[in-house]
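Enquirer: When you get a sec, could you give me coordinates for this:
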Amino acid sequence: MRQACVSRASTLFIAVTVIAGMIGCGGAATYDLTITSTGPGSVTTPGQGTFTYNANEVVGLVATPDTGSQFIRWTGNISAVDDVNAAATTITMNDRYSIIASFLYIPMVSAGSLHTVGLTSNRTMVAVGHNGVGQCDIGVWADIVQASAGYGHTAGLMSDGNVVAVGANDFGQCDVGLWTDITQVAAGYINTVGLRSGGTVVAVGRNDYGECDVGNWTDIVQVAAGWSHTVGLRSDGTVLAVGNNTYGQCNVDDWTGITQVAAGGAHTVGLMSDGRVVAVGCNEYGQRNVAGWMSIAQVAAGYANTVALRSGGTVEAVGWNEYGQCMVGNWTGVTQVVAGAGQTIGLETDGTVVAVGRNDYGQCDVSGWDLD
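Expert: Next up, the predicted model:
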């Protein structure tokens with residue numbers, strides 16, 4: 001799953017150079033704006049090339065990061081840039097300027113059933129935990145921009161939109177070699193889901209409950225895979241779900257204003273645009289007791305627990321706590337949270353990783369990781 005996360009990233013800077021020259025035309029002053037970019041992102045508005053604007057004209061700027069990267073800030077001659085920290089901002093053309101847009105790759109973590117994986121800012125992978133079917137054999141992977149750990153397999157999205165997978169493949173959940181143009185992957189219990197750049201969705205693996213019946217989905221911006229159900233977030237903030245609905249975990253038809261979704265063992269969680277959280281499905285362990293949560297920036301759903309990252313970097317959790325997987329109350333400075341079958345993992349601002357919960361296979365042995 002691709003969970004909506006905000007992470008501190010690498011030291012790779014992407015330059016976007018803007019050069020302006022004052023030209024007289026019919027008595028009116030104009031300035032040339034030349035925009036270029038390199039690396040994992042580009043300036044999509046006004047585009048790349050040379051543009052001429054009238055003096056004092058307000059020009060929109062939009063810096064768009066590639067999958068797995070994020071915009072950092074505008075630098076250089078930024079006196080006329082309205083908000084140097086915003087990817088979408090404006091510049092007022094009242095002089096000559098040279099500005100730079102910086103993009104950085106995003107490190108991330110993902111938790112499977114009995115293993116945990118991490119993606120470094122240089123797009124290589126690390127893994128700990130159960131490796132009985134090769135689900136941790138990701139050491140040779142390179143150029144990965146997003147990864148997802150399932151029950152017994154791991155899927156990785158490459159920068160060119162292709163997908164790789166290792167681990168259990170008894171239901172074809174690793175048969176992703178022909179996928180192209182993918183922007184996010186989500187590994188479920190025994191299936192794998194891919195989001196294409198055009199908003200359509202593909203899936204492989206076990207389909208006993210129809211969890212792979214996503215071929216007619218359109219306008220999707222994020223996918224999440226649970227134990228036997230699949231969830232898709234549409235661009236308009238509504239949500240779709242297919243698969244096992246024994247506990248009502250697919251009853252999301254009335255959700256609106258959602259910005260991120262997460263799928264657990266038998267429950268589904270949605271983050272609303274106002275920072276509140278909604279949940280449907282099984283509540284045997286109180287994993288749906290999220291009604292009072294506020295100012296949430298990201299949510300994660302484990303097998304029977306739910307974890308939330310607050311906008312200030314603190315974390316809280318509800319639900320099944322047999323292994324201490326909900327003992328996250330003292331975490332601070334966290335930028336991403338993920339939940340597995342019995343472990344909860346947090347990525348900190350400096351690239352280090354914390355973990356609580358079940359550790360019989362070493363799935364929580366992440367204290368030595370530095371994903372920056």
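Enquirer: Tell me who's in contact with the nearest residue to residue 110 once chain neighbours are set aside.
Expert: Spatial nearest neighbour of residue 110, chain neighbours left out: residue 149 (4.3 Å); criterion: Cβ to Cβ, 6 or more residues apart in numbering. All C-beta atoms are positioned from the backbone trio N, CA, C, and that covers glycine. When contacts are counted by Cβ atoms under 8 Å, 6 or more residues apart in numbering, residue 149 touches 110, 111, 112, 115, 116, 117, 135, 187, 340.
Enquirer: Same question for residue 92.
Expert: 56, 57, 58, 59, 80, 82.
Enquirer: which of these are buried?
Expert: Neighbour-count burial (16 or more other Cβ atoms under 10 Å) applied to the contacts of residue 92 gives 59, 80.
Enquirer: nearest to residue 265, of the contacts of residue 92?
Expert: Nearest to residue 265 out of these is residue 82 (Cβ to Cβ; 45.6 Å).
Enquirer: Could you measure from the closest one over to residue 59?
Expert: Residue 82 sits 10 Å away from residue 59, going by Cβ to Cβ, to the nearest Å.
Enquirer: Spit out the residues that contact these two alike.
Expert: 90, 91, 92.
Enquirer: From those, which land in strands?
Expert: For those, the ones inside strands are 90, 91, 92, with DSSP state E as the criterion.
Enquirer: Can you pull the poorly scored residue ranges out of this structure?
Expert: Scanning the chain for pLDDT under 70 picks out 1-27, 38-39.
Enquirer: if you set the cut-off to 90 instead, what comes out?
Expert: For the chain, the stretches with pLDDT under 90 are 1-28, 32-42, 47-52, 66-79, 95-106, 122, 139, 372.
Enquirer: can you list the domain ranges for it.
Expert: 18-105, 108-297 (automatic domain parsing).
Enquirer: So which of those is the most surrounded?
Expert: domain 108-297 (a mean of 21; mean count of other Cβ atoms under 10 Å).
Enquirer: Please state the offset of that domain from the chain centre?
Expert: 10 Å (Cα atoms, centre = their mean, to the nearest Å).
Enquirer: mind listing the helices for this structure?
Expert: Applying DSSP state H to the chain gives no helices.
Enquirer: Surely residue 123 and residue 157 touch.
Expert: No: in this structure, residue 123 is not within contact of residue 157 by Cβ atoms under 8 Å, at 10.4 Å.
Enquirer: can you list residues touching both of the two?
Expert: Counting by Cβ under 8 Å, 6+ apart, the common neighbours of residue 123 and residue 157 are 68, 144, 145.
Enquirer: Mind checking which of these land in strands?
Expert: Filtering the shared contacts of residue 123 and residue 157 for strands - DSSP E - leaves 144, 145.
Enquirer: which of the shared contacts of residue 82 and residue 59 lies closest to residue 217?
Expert: Nearest to residue 217 among the shared contacts of residue 82 and residue 59, counting by Cβ to Cβ, is residue 90 at 35.4 Å.
Enquirer: I'd like to know how far the closest residue to that closest one other than its chain neighbours sits from residue 92.
Expert: Distance criterion Cβ to Cβ, 6+ apart; nearest residue to residue 90, sequence neighbours excluded, is residue 82 at 4.7 Å. Between residue 82 and residue 92 the computed distance is 8 Å (Cβ to Cβ).
Enquirer: Equivalent analysis for residue 206, please.
Expert: 56 Å.
Enquirer: quick one: residue 109 and residue 363 touch, right?
Expert: No: here residue 109 does not reach residue 363: they are 11.4 Å apart, not a contact under Cβ under 8 Å.
Enquirer: anything in contact with each of these two?
Expert: Contact criterion Cβ under 8 Å, 6+ apart; residues shared by residue 109 and residue 363: residue 116.
Enquirer: So for stretch 296-311, first residue to last residue, what's the gap.
Expert: In stretch 296-311, first residue to last residue: 6 Å (Cα to Cα, to the nearest Å).
Enquirer: and that stretch, how far from the chain's centre?
Expert: Relative to the chain's own centre, stretch 296-311 is displaced by 13 Å; criterion: Cα atoms, centre = their mean.
Enquirer: okay, the contacts of residue 92 in CSV with distance to residue 369 next?
Expert: Listed next are the contacts of residue 92 as CSV, based on distance: Cβ to Cβ, whole Å:
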residue, distance to residue 369
56, 50
57, 48
58, 45
59, 42
80, 41
82, 38
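Enquirer: Which members of the contacts of residue 92 occur in strands, if any?
Expert: Short answer: the contacts of residue 92 in strands (DSSP E) are 57, 58, 59.
Enquirer: related to what we said a few turns ago, of all the contacts of residue 92, which comes closest to residue 196?
Expert: Closest to residue 196, out of all of the contacts of residue 92 and judged by Cβ to Cβ, is residue 59, at 32.2 Å.
Enquirer: Looks like the closest one contacts residue 33 (just checking).
Expert: Yes: using Cβ under 8 Å as the test, residue 59 is close enough to residue 33 to be in contact (6.7 Å).
Enquirer: Identify the contacts common to the two.
Expert: Both residue 59 and residue 33 are in contact with 46, 51, 53, 91, 93, where contact means Cβ under 8 Å, 6+ apart.
Enquirer: Quick check: bridge partners of the closest residue to residue 327 other than its chain neighbours?
Expert: Closest residue to residue 327 apart from its sequence neighbours, by Cβ to Cβ, 6+ apart: residue 356 at 5.0 Å. Per DSSP bridges, the residues bridged to residue 356 are residue 344.
Enquirer: Just give me the neighbour total for residue 356.
Expert: Other residues near residue 356 come to 22 when the count uses other Cβ atoms under 10 Å.
Enquirer: how much space between it and residue 317?
Expert: Distance of residue 356 to residue 317, given as Cβ to Cβ: 9 Å.
Enquirer: What's the separation between the residue lying closest to residue 171 once chain neighbours are set aside and residue 189?
Expert: The spatial neighbour of residue 171 that comes closest, neighbours along the chain excluded (Cβ to Cβ, 6+ apart), is residue 206 at 4.1 Å. For residue 206, the distance to residue 189 (Cβ to Cβ) stands at 7 Å.
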